[in-house]
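Okay, predicted coordinates and the sequence, questions at the end:
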Amino acid sequence: MDSARAILTITGSDGTGGSGVQADIRFIHELGGVAASAITSITVQNTLGIQEFYDLPASAVRGQVEAIINDLQPQVVKVGLLRRIDVVEAVAEVLSHYRPRHVIYAPVQESAHGERLLTADVYKAIERLILPLCTVVLEARHAGPHGASNQLSSAVAVLLNRGEEPDEAIRHARELLADLPVGYVSSMGRSGELYNQFLDAVERFYHRYADVAFYAEQLNVSAPYLGQVTRRIVGRSPKSIIDERIVQEIVTLLTTTSLSLKEIASRLGFSSQAHLSRFFKKQKGMPPLRYRQK
């Protein structure tokens, strides 16, 4: 078999490069293969997880697959993320018609972060229409470390394209993956560093600013991303962290000084004593003066 013939990957896009079509192209190329692609879904995601899916219509997916097959005639096709039944049907119909020598499918239903990637009815359609066409079905039902399923199935695809038999290709692929550096595709992004920077910013500015948008601007990130970071690391929103620090300072001033509520409110940037009282009662369940008396 001509090892230079392209391997077609039919899957979703991952902007981080750790999974999806980007990872397939990268890894196939690094193993000496040639990759072509058809994209089924565009994702909004980062190293913290997937925020949104934009699934392409079946006609767009079919058009991509047919264009590649008609021109490049790949004999190995790797099938990844299919999230719509009509897309499953379209891909199955095209592959049934053109009959490449090998079809590989890795049944990943959950991402490395636990996001559900496809519904049960879509997976049933895959079992009914795609799996009978496959030479190789890998075992993973969830992604494991980010990109791990892509690595294994891409390696198998390259080895099949070189003419290895399926059992030999799977064994050889696992050996190749065992030799990869630790953390080959995994990435923590900047979330840990950013969380610490956020805490530092809160410590500097809590007496003046309680708005999440202010802290996001200081860190040069969006407020939703900052929320992703704090929820991923400590399971809390940025606002709750800011408010907790303000409450801690109010408690300290109430219990260790004789400052009036008006003076405390002014020191911590509240618009009025009443504003401080409402905030404190919401957080602690009692008015600040009663807390001081206790």
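Noted; the coordinates are in hand.

so how far is the longest strand along the chain off the chain centroid?
The longest strand of the chain (DSSP state E) is strand 35-46. A distance of 13 Å separates the centroid of the chain from that of strand 35-46, by Cα atoms, centre = their mean, to the nearest Å.

ok, it: who's next to it in the sheet?
strand 7-13 (parallel), strand 49-55 (antiparallel) (DSSP bridges).

Quick check: which of these has the most neighbours on average?
strand 7-13 (a mean of 26; mean count of other Cβ atoms under 10 Å). For the C-beta atoms, the positions are set from N, CA and C on the backbone; glycine is no exception.

contacting residues around it?
Contacting residues not belonging to strand 7-13 are listed as 20-22, 24-25, 28, 33-43, 53, 61, 65, 68-69, 72, 74, 76-83, 91, 100, 154, 157-158, 161 [Cβ atoms under 8 Å, 6 or more residues apart in numbering].

Show only the entries of those found in strands.
Per DSSP E, the subset of those in strands is 35-43, 53, 76-79.

Which two of these have the greatest separation?
Phe53 and Val76 (26.6 Å; Cβ to Cβ).

Show me what counts as buried in stretch 126-140.
126, 129-130, 133-138 (16 or more other Cβ atoms under 10 Å).

for the nearest residue to Thr135 once chain neighbours are set aside, phi and psi?
Counting by Cβ to Cβ, 6 or more residues apart in numbering, His102 is the residue found nearest to Thr135 once chain neighbours are left out, at 4.3 Å. Dihedral angles of His102 (phi, psi; degrees, to the nearest 10) stand at phi -130, psi 130.

Report the mean confidence score over the helix or strand harbouring Ile126.
Per DSSP states H and E: Ile126 is located in helix 120-129. Averaged across helix 120-129, the pLDDT comes to 93.

Could you spell out the sheet neighbours of whatever helix or strand comes next after it, each with its direction?
Reading on from helix 120-129 to the C-terminus, the next helix or strand found by DSSP H and E is strand 136-137. As defined by DSSP bridges, the strand partners of strand 136-137 come to strand 102-105 (parallel).

Output the ones in strands among the contacts of strand 7-13 as TSV; include the columns pLDDT and distance to Ile241.
Below are those laid out as TSV (pLDDT from 0 to 100; distance: Cβ to Cβ, whole Å):
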residue	pLDDT	distance to Ile241
Ala35	95	43
Ala36	96	47
Ser37	95	41
Ala38	97	43
Ile39	96	38
Thr40	96	38
Ser41	94	34
Ile42	93	32
Thr43	88	28
Phe53	89	29
Val76	96	50
Val77	97	48
Lys78	96	43
Val79	95	43
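
Ser191 touches Phe198, doesn't it?
No: using Cβ atoms under 8 Å as the test, Ser191 is too far from Phe198 to be in contact (10.2 Å).

Overlap in contacts, these two.
Joint contacts of Ser191 and Phe198 (Cβ under 8 Å, 6+ apart) are Val229.

Compare those two (neighbour count), which wins?
Shown here are Ser191 and Phe198; by other Cβ atoms under 10 Å, Phe198 has more neighbours (23 against 19).

Name all residues that make contact with that one.
Contacts of Phe198 (Cβ under 8 Å, 6+ apart): 215, 219, 226, 229-230, 238, 241.

hey, where'd the helices end up in the chain?
20-30, 58-72, 85-98, 120-129, 148-161, 166-178, 191-205, 212-219, 223-234, 238-256, 261-267, 273-284, 288-293 (DSSP state H).

Of these, which is nearest Ala6?
helix 58-72 (4.6 Å).

mean confidence score for the closest one?
96.
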